[in-house]
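Asker: quick one, structure for this:
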Amino acid sequence: MGRPIRLMCCKTISKHNVDVPRAFGSVVLALSDAQRAHWASYLATGRGSVALFASIDKDEDNLLSPSDIRSFFDSIEDDTLALKPRRILDKRAENHYVNLKEFQDWLIQATEDAGYGGIKEEYEKSPYIGKRSSQIDSRTRGRHPDEPDHAHNVYSWNESTMSQSLRRMQYAVRGEVVLKADKLAAEGRKITYTNVGNPHAVGQQPITFYRQVLALCDLPASCGVDHPNASQLFPLDVLERARELRGIVGKGGTGSYTNSQGLAGIRKHVAEYILNRDGHSAYEGDIFLTNGASTGIEFILNGLISHDHDAIMIPIPQYPIYSALITKLGGRKIGYELDEELGWTVTEGELQRRLNEAKAKKLNVKGMALINPGNPTGQVLQRKDLEMICRFCARNGILLMADEVYQRNVYVKDRKFISAKKIAVETPGCENLELVSFHSTSKGLIGECGRRGGYMELHCIDPYVQSQIYKLASSALCSGVDGQLMTSLMVKGPAEGSDSYTLFVEEERAIFQSLQRRAKKMVDGLNRIDGITCNQAEGAMYAFPRVIIPQSAVDAAEASDQTPDTLYALSLLEETGICVVPASGFGQKKGRIGFRTTFLPPEDDLEVAIGEMARQHNFFCQKYS
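Answerer: Numbers count the residues shown, from 1 in each chain. Coordinates of the predicted model:
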């Protein structure tokens, strides 16, 4: 898209049924200020297509010539735009003027993430989908073979009229490959889901103490904590903890709404946990209990993104909740590349380079996401790296969003988790660092994903802004009470010497040691496959290998509008039943091909899966050799 396409011919084009000579020259015109503004707005929000059309339609006849559109797209100088609309335009350039509707359809395709398959096709294959319009089959009648489907959509709420930010949002962890896996599972295929960090779904057992306390919090007192035989069924410390939490919840019980920021007693538990972890004070008024970390991340991005030119720096590769939410909220993504050769670390030079590039594009960088330990890359940052990142953000007035949900998942002896909050308090130059940290009950050694528990801590945040975050939380009433209780249990386990302590420690140790073994087993197994390389998984729950595939496979993927790693992941799924996520869904260096897989399945199943991955890789490479 960045290079002009030079058409060296002169054609006659019919406009308003009158033959008009039209020369397609090779001159690329500079965008006007209005066009730049309209394009920036559309790129960020998906809005403003009518104003953009009008800014190109100089003669105000509500039609654009193909050369008008071509000159506009060439002037954008953005090689990330999808190529399909250009191919369509090339095929129709000699004889077709474009109205507003067609222009909007082309914009939709131009701003699709290139190579990402949509979920509609797989989603619509579900046998449980209800009624569709009786005119649905008429959509393709009389349609040019290269014209987009939505150009003839009979629905008023459709691909063109819906929120374009939502349409463009991508979330590969639950995307096309997973929908295909669900379909195969419904047909009776055995599917090994390694696409998402969902420990209990693949066999990890819940920790007894947590479930006992949660059960007693939900049960009516007469059936639980006050039952005459309760002490025969539950350890004494479990009963005491359940009574404590029931007192915090209050008379309404777990079926009632709570304070929008979360129960004060549980926020106090979180503040005590942070103090014990970091050696520095935390305050319950700065703690928000959230539905997992994801809701907290969305709250903060909601408060940050206020303009089409507002940008957030995100690691590449990154967990796609960031790119998805930034797109949905109309912000701009600035990727800073983690260096695979350096164990997925980031350099200060890379951060400064990306910030300078953003400023050159008139973007306002307001926030930066840090994932430590890394997802999908599994690195654990050292103190010097964290100090550099914190100083960089403080120096440039950038809010640091520290995603620390894997802080218990560190598997190598020469690494340990250090919180961004600890670094912020102890590092000169970071006294005024604005920081929000996130934690979750879904990961660690708990794996209680379905509870949707978590918290965020706001540090050195403008009091007015914090009050508005509270207002935003209030609009959702409160986070789930089960998740709030689970958060309390995460940060405050059974006391040493109590009845439950020995079993609790044994269960945690068994989970941790198994994860440690599986991390090494997965990475070693992948590295034994010729054509696959993978860095050590120091932490988190994932391996993020790089895959070398034949050029013909790359060409086949491009021909089918897929990324090469989507083609590879679908082949892996169909051949072996193993569901992974294409690495392109997380972002990666240009030209890299790979996937993300968890190492959560049981150890025996993991051995089989690694063998199947090796078999499929050889099959795939032979198929496309």
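Asker: contacts and neighbour counts: CA atoms only from here.
Answerer: Fine.
Asker: for the lengthiest helix in the chain, what is the distance to the chain centroid?
Answerer: Across the chain, the longest stretch assigned as helix under DSSP state H is helix 501-527. Helix 501-527 sits 26 Å away from the centroid of its parent chain (CA atoms, centre = their mean, to the nearest Å).
Asker: now do stretch 356-363
Answerer: In terms of CA atoms, centre = their mean, the centre of stretch 356-363 is found 24 Å from the chain centre.
Asker: what packs against the strand or helix carrying residue 43?
Answerer: Assigned by DSSP states H and E, residue 43 falls within helix 33-45. Judged by 3 or more CA pairs under 8 Å, 6 or more residues apart in numbering; DSSP states H and E, helix 33-45 is in contact with helix 49-56, helix 164-168, helix 321-328.
Asker: now the element after the helix or strand hosting residue 574, going C-ward?
Answerer: Assigned by DSSP H and E, residue 574 belongs to helix 564-576. Later in the chain than helix 564-576, the nearest helix or strand by DSSP H and E is strand 578-579.
Asker: what's that following strand in contact with?
Answerer: Contacts to strand 578-579, defined as CA atoms under 8 Å, 6 or more residues apart in numbering, come from residues 177-178, 181, 191-195, 569, 572-573, 609.
Asker: okay, those in JSON lines with neighbour count next?
Answerer: Formatted as JSON lines, the contacts of strand 578-579 follow (neighbours: other CA atoms under 10 Å):
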{"residue": "177", "neighbour count": "27"}
{"residue": "178", "neighbour count": "24"}
{"residue": "181", "neighbour count": "24"}
{"residue": "191", "neighbour count": "17"}
{"residue": "192", "neighbour count": "19"}
{"residue": "193", "neighbour count": "23"}
{"residue": "194", "neighbour count": "23"}
{"residue": "195", "neighbour count": "24"}
{"residue": "569", "neighbour count": "23"}
{"residue": "572", "neighbour count": "23"}
{"residue": "573", "neighbour count": "22"}
{"residue": "609", "neighbour count": "21"}
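Asker: among the residues you listed, which ones are in helices?
Answerer: Counted as lying in helices by DSSP H, out of the contacts of strand 578-579, are 177-178, 181, 569, 572-573, 609.
Asker: from these, which is closest to residue 495?
Answerer: Nearest to residue 495 among the ones in helices among the contacts of strand 578-579: residue 609, at 39.2 Å, using CA to CA.
Asker: mind listing the residues bridging to the closest residue in space to the closest one that isn't next to it in sequence?
Answerer: Of all residues not flanking residue 609 in the chain, residue 578 sits nearest, at 7.2 Å (CA to CA, 6 or more residues apart in numbering). Beta-bridge pairing of residue 578 under DSSP bridges involves residue 192.
Asker: measure the residue nearest the centre of the chain to residue 162 for me?
Answerer: The chain has residue 320 as the residue nearest its centroid, 1.7 Å off, counting by CA atoms, centre = their mean. Distance of residue 320 to residue 162, given as CA to CA, to the nearest Å: 22 Å.
Asker: so who does residue 322 touch?
Answerer: So residue 322 contacts 297, 314, 369 (CA under 8 Å, 6+ apart).
Asker: how about residue 544?
Answerer: Per CA under 8 Å, 6+ apart, neighbours of residue 544: 376-378, 534-535, 583, 594-597.
Asker: what would those look like in CSV with pLDDT?
Answerer: Listed next are those as CSV, based on pLDDT from 0 to 100:
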residue, pLDDT
376, 93
377, 94
378, 92
534, 96
535, 94
583, 91
594, 92
595, 93
596, 93
597, 92
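Asker: tell me the one among those nearest to residue 51.
Answerer: Distances from the contacts of residue 544 to residue 51 were compared by CA to CA; the smallest belongs to residue 583, at 36.2 Å.
Asker: for the closest one, give its distance to residue 320.
Answerer: As defined by CA to CA, residue 583 lies at a distance of 11 Å from residue 320.
Asker: state the distance from the residue nearest to residue 580 when sequence neighbours are not counted to residue 405.
Answerer: Nearest residue to residue 580 in three dimensions, chain neighbours excluded: residue 195, at 4.5 Å (CA to CA, 6+ apart). Residue 195 sits 17 Å away from residue 405, going by CA to CA.
Asker: where are the low-confidence patches of this protein?
Answerer: 1-30, 76-95, 111-122, 125, 132-153, 173-174 (pLDDT under 70).
Asker: at 50 what do you get?
Answerer: Residues of the chain meeting the criterion pLDDT under 50: 1-28, 93, 114-116, 136-143, 145.
Asker: quick one: contacts for the nearest residue to residue 442 once chain neighbours are set aside?
Answerer: In this structure, residue 442 finds its nearest non-sequential neighbour in residue 449, 4.0 Å apart by CA to CA, 6+ apart. Going by CA under 8 Å, 6+ apart, residue 449 touches 198-199, 292, 441-443.
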